[in-house]
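> Take a look and give me a structure for this.
(2 chains)
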There are 2 protein chains.
Amino acid sequence: MASLDEGWADPARLYREGRKARLLLDAAREAAAEAVGCRADELVFTSSGTRAVHTGIAGALAGRRRVGRHLIVSAVEHSSVLHSAEALVAEGGSSSEVPVDRTGAVSVAAYADALRSDTALACLQSANHEVGTVQPVAEVAEACRAVGVPLLVDTAQSLGWGPVEGAWSLLTASAHKWGGPAGVGLLAVRKGVRFAAQGPVDERESGRSPGFENIPAVVAAAASLRAVRAEAAQEALRLRELTERIRARVPQSVPGVSVVGDPVRRLPGIVTFSCLYVDGETLLHELDRAGFSVSSGSSCTSSTLTPSHVLKAMGVLSEGNVRVSLPLGATEEDVERFLAVLPGAVERVREKLGASAPAAVVKEESSLIVDALGKRCPIPVIELAKVIGDVPVGGTVRVLSDDEAARLDIPAWCEMRGQEYVGEEEGPAYVIRRTS
Amino acid sequence: MASLDEGWADPARLYREGRKARLLLDAAREAAAEAVGCRADELVFTSSGTRAVHTGIAGALAGRRRVGRHLIVSAVEHSSVLHSAEALVAEGGSSSEVPVDRTGAVSVAAYADALRSDTALACLQSANHEVGTVQPVAEVAEACRAVGVPLLVDTAQSLGWGPVEGAWSLLTASAHKWGGPAGVGLLAVRKGVRFAAQGPVDERESGRSPGFENIPAVVAAAASLRAVRAEAAQEALRLRELTERIRARVPQSVPGVSVVGDPVRRLPGIVTFSCLYVDGETLLHELDRAGFSVSSGSSCTSSTLTPSHVLKAMGVLSEGNVRVSLPLGATEEDVERFLAVLPGAVERVREKLGASAPAAVVKEESSLIVDALGKRCPIPVIELAKVIGDVPVGGTVRVLSDDEAARLDIPAWCEMRGQEYVGEEEGPAYVIRRTS
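All right, here's what the predicted structure looks like:
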C-alpha cells in the first residue's frame, strides 16, 4: 500500500519521485536476491513467473546457440517450460523430456543420460506444482555442471519455503505463488552464464525485461517473500502435519482412492489424490458448495479433455483427481472439516454416475466387450468395474474407449484392483484379465 | 482495493474464487473494449504498454509473413515500436521510418508513399509522447486500408482522452499513462486482421499474452479508464488552457527559448520547450529543488549522450529541453508558480555555464574557428554565441564539435538567432555565416 503511494513514478527519471521509485526498486531487488541466494545484479523482475521462464529459456538457448539447440526438460515441468520447449522445436531445435517415476520424481541417472554434446540448456523444477514431489535439483545441477550445461530451476512452488540447494545457473519464480501479488516474476541468471535476451528489449531490468516496471507490485513481492520466509520453517512443520493427515486418512474414509506424489520428499502444503469412479468436475463443484476450493488434473476439468500431463507422466490414476493446496495459516479445523465432508461428496458423485450399484448379473462368457466409445472419464472405468465380475478368473474384458483418460486410468484401476492389464489394441481397446 | 480482495484467484479455475476472478476479468475487458471502441473478444490485457506493442507488432508481422517483411513506423514513435523495428531488421526484415515536420507530425502523403507491396504492417502513434503533437491517424489509416495494409496505432498518450478515430487494425495502450496502475497494457486486434502470436504462449488471454493474469491491476485499469473518460472533455479544456499559458508565457519571460510541438493539434496536458545555453540535467535539478518534476530530451540527461530521437527527427533545438506533463487535476496555482520559478532557474544555469557573459572582444577576422571538441551540450552553442559578434556580417564561424547534440542544436540556434547555417564539414565542423 505504501508503495502504491511512493513507487508510482518512472525509476528512469531524474526528478525526486523517479529517484524514490529507483530506491524502492533497488531495495526490492536486494531483498529478493538475498532470498534467492544470488547477487542483486543477477536478478531481474519480470511481469509473471511464466514470463520469467519464457525469457530465461529463450535467452539461455540463444546464448549457447553455438553449442547446439537441444533442450532438456522433465516430463512434469510447468506448462510454461513445456511451451518454451515446443516453441524451440517449432523453430528447428530439439527437446528431450526426462521421464519421472510413479512418485513424480526424475532420476538423476536418467537426467544425466539425457545430456548431449549439443545440449544448450537443461530445466528442472524444484518441486512439482500438481503433486508436490521435490526433485533432486542439487544432484542434477552437479551432473549438468560436470558437462558444462547450464541448469534452469523453476522454483515457483518452493521459493517461499527456502532457497534452492545446488549449483543452478538460472532460476525463475512467481510472487503470487508465495502469497505475493500477481504481476511479478523473478529471473536470476548467474554471472558467467551466457545469456542473450530475445526479441525487442529496452534499458529496463538490465535489458532482460522490457516495459515500465510495476514497482508497487515488485515491492510487495519482495516484502511478502521476506515475511513468508521468516515463518517458513515453523509453518512448513505445521502444514506438513496437516497434509500428512489428508494423505493418511482419505484412503481410510473413501474407498477406491489413490494418493499420488512422493510421501516424504514433498512440499509441505500440497496433497493430491484420485478417486475411482468419480467425475473430477462434479466433485470439484460438490466440494465448492461445501466451501472448499480445490483443483483437479482430471481430463473432464480441462478444455482439452486430456488428463494433466503430470499425472500422465507419472502413470497414475487421473479420474476424480483432487489437488488440495493448503494456504499459509490453514487451520486444523478446516482440514478436519474437509476430511469430514469428502466421503459424502465422493459418494454423491458416484451415486449420480451409477457407480455405487455395479451390475450384478453374472455371465459365463470368458471374454466380454464393453463399448464405451464416445463416453468420457470416468464412465469407461465405471463400466469396466461393473462387468469384471461377469467373466471368470482368467477371462478378459475389452474396453473400447476413445477417451484420452482411459489410457491412464484403466491400467491404474487394474493396479489398484489387483487385476492384470494386458495392453492396448487398435480401436482403441484396452484389454484387462481378471486375476481375482 | 476491492479487487485485491476479490480478484486474487486464478480465473482458469472452477472454484468460486476462480469464477469470481473470471467475472472481474470479463467485466474489465468489456469496459476497456467499450472505451477503446472494439469488441471484448478483440482485446487482451498485457503486462505493460511496451509488451502490448512488442506482442502486437510481432504477431501482425508473423500473420502477414507471406506478404512480406516490411514494416513502416514514424520517426517519432515510442522506443518500444522502434525496438520492435530493430528486432525485425536484425532478423532479416526491413523497416522504413516516415519523417516528421518541425511540429513532429507525419504527412499523410509521405506516409502513403512509404507503403510497399511487401509491407506487412504500418505503425503510427495517436499522439507524440514527448511533444504532444497529434498525428493524422484517421487519414493514414485510410491510406493503409486502400492498399490492404493493417495499421497499428499506439494510443499510449491519448486513450484516456478519447477513442482513436479511423479504421485502425491493431491498437495498443498503457494503463499507467491514463493514471491507472503499472503492470497493465492493452492490445486490441480487429477481427479479420491476420495475427500469429510469437514465442511460447498459453491458454491465457486468447493465446496472445501468456502468464497468470494480474486481475487486481486489470480491474483498476478498467475502472480508472472509465473514471478518467467521464471527466475527459472538461479536463481537456482546462489543461489545454494551462499548457497554452506555458506555451505563450515561457518565451516572453525566458530569452532564447523555443517551444516545440504543434500549437493546435496537440494533447491537452503536454508542453515542451528548449532553452539555449542551458544544460538540461542541471535545469531539471534546479526545477526539482523547486518542487517540479519535469523530463527532458536533452542529450545530457540520457545515458547515450544523444538527444531524444523525437527532437532529432523534428530538427529542433534539444539543449535545455524541458517536457512539462500536467497530471489530471493540475492546478492553475502550480502552473503560475512554475512560470514564476522558471526564469530564475534558467538564469542560474546559464550563469554557472558562463553563458550570461558572452566574450565582448571584437576582432576583424572574417573567419573564426571555435574548438569545442570534447565539450558537451550546451557548451558548443554557448561558445558559438560568444564569438559570432567577433566576425563581420558575411564572415563565418566554424565550430569543431564531436558532441552529437551539436548537429541538431547549431542549426536550431542559427534559425532562432537569424544567422545562416552553411552546413557540416568533416571534423565534424559546423559552419555558420553571420547575417545580422
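
> Tell me where the stretch 51-200 of chain A has strands.
Using DSSP state E, counting those that start in this stretch, the strands of the stretch 51-200 of chain A run over A:70-74, A:94-98, A:119-125, A:151-154, A:170-174, A:185-189.

> Can you give the domain ranges for chain A?
The record's domain parsing of chain A by automatic domain parsing lists A:2-228, A:231-352, A:367-433.

> Mind checking the pLDDT average for the second one?
Along domain A:231-352, the predicted local confidence has a mean pLDDT of 94.

> that older thread, in TSV: the strands of the stretch 51-200 of chain A, plus distance to A:Ser295 and mean neighbour count.
For every residue, glycine as well, the C-beta is placed using N, CA and C. Output for the strands of the stretch 51-200 of chain A, formatted as TSV (distance: least, CB to CB, whole Å; neighbours: other CB atoms under 10 Å in any protein chain shown):
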stretch	distance to A:Ser295	mean neighbour count
strand A:70-74	20	25
strand A:94-98	23	19
strand A:119-125	17	26
strand A:151-154	18	29
strand A:170-174	16	29
strand A:185-189	21	28
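
> Just send these back as CSV, with mean pLDDT and distance to B:Glu336 too.
Output for these, formatted as CSV (pLDDT from 0 to 100; distance: least, CB to CB, whole Å):
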stretch, mean pLDDT, distance to B:Glu336
strand A:70-74, 98, 62
strand A:94-98, 98, 64
strand A:119-125, 98, 59
strand A:151-154, 98, 56
strand A:170-174, 98, 48
strand A:185-189, 98, 45
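
> Rebuild these as JSON lines, extending it with distance to B:Ala143.
As requested, these are exported to JSON lines (distance: least, CB to CB, whole Å):
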{"stretch": "strand A:70-74", "distance to B:Ala143": "44"}
{"stretch": "strand A:94-98", "distance to B:Ala143": "45"}
{"stretch": "strand A:119-125", "distance to B:Ala143": "45"}
{"stretch": "strand A:151-154", "distance to B:Ala143": "46"}
{"stretch": "strand A:170-174", "distance to B:Ala143": "44"}
{"stretch": "strand A:185-189", "distance to B:Ala143": "41"}
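
> Which among these is found nearest to A:Gly199?
A:Gly199 sits nearest to strand A:185-189 of all the strands of the stretch 51-200 of chain A, at 14.2 Å, using CB to CB.

> neighbouring strands for the closest one, and are they parallel or not?
Strand pairing for strand A:185-189, determined by DSSP bridges: strand A:43-46 (antiparallel), strand A:170-174 (antiparallel).

> Who's the closest spatial neighbour of the residue of the stretch 251-400 of chain A found nearest chain B, skipping the chain neighbours?
Proximity of the stretch 251-400 of chain A to chain B (CB to the nearest CB) peaks at A:Ser293, 3.5 Å away. Closest residue to A:Ser293 apart from its sequence neighbours, by CB to CB, 6 or more residues apart in numbering or on different chains: B:Tyr15 at 3.5 Å.

> quick revisit: so what does the residue of the stretch 251-400 of chain A closest to chain B look like in phi/psi?
phi -100, psi 100 (degrees, to the nearest 10).

> right, and it touches B:Lys20 too?
No: the pair A:Ser293 / B:Lys20 is not scored as a contact, 10.5 Å apart, by CB atoms under 8 Å.

> higher neighbour count, the two?
A side-by-side neighbour count of A:Ser293 and B:Lys20, using other CB atoms under 10 Å in any protein chain shown, places A:Ser293 first with 19 against 16.

> Tell me who's in contact with that one.
Each residue near A:Ser293 by CB atoms under 8 Å, 6 or more residues apart in numbering or on different chains is listed here: A:287, B:9, B:13, B:15-18.

> Pipe those residues into a markdown table and attach neighbour count per row.
Shown next, in a markdown table, are those (neighbours: other CB atoms under 10 Å in any protein chain shown):
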| residue | neighbour count |
| --- | --- |
| A:Leu287 | 22 |
| B:Ala9 | 20 |
| B:Arg13 | 19 |
| B:Tyr15 | 20 |
| B:Arg16 | 15 |
| B:Glu17 | 16 |
| B:Gly18 | 17 |
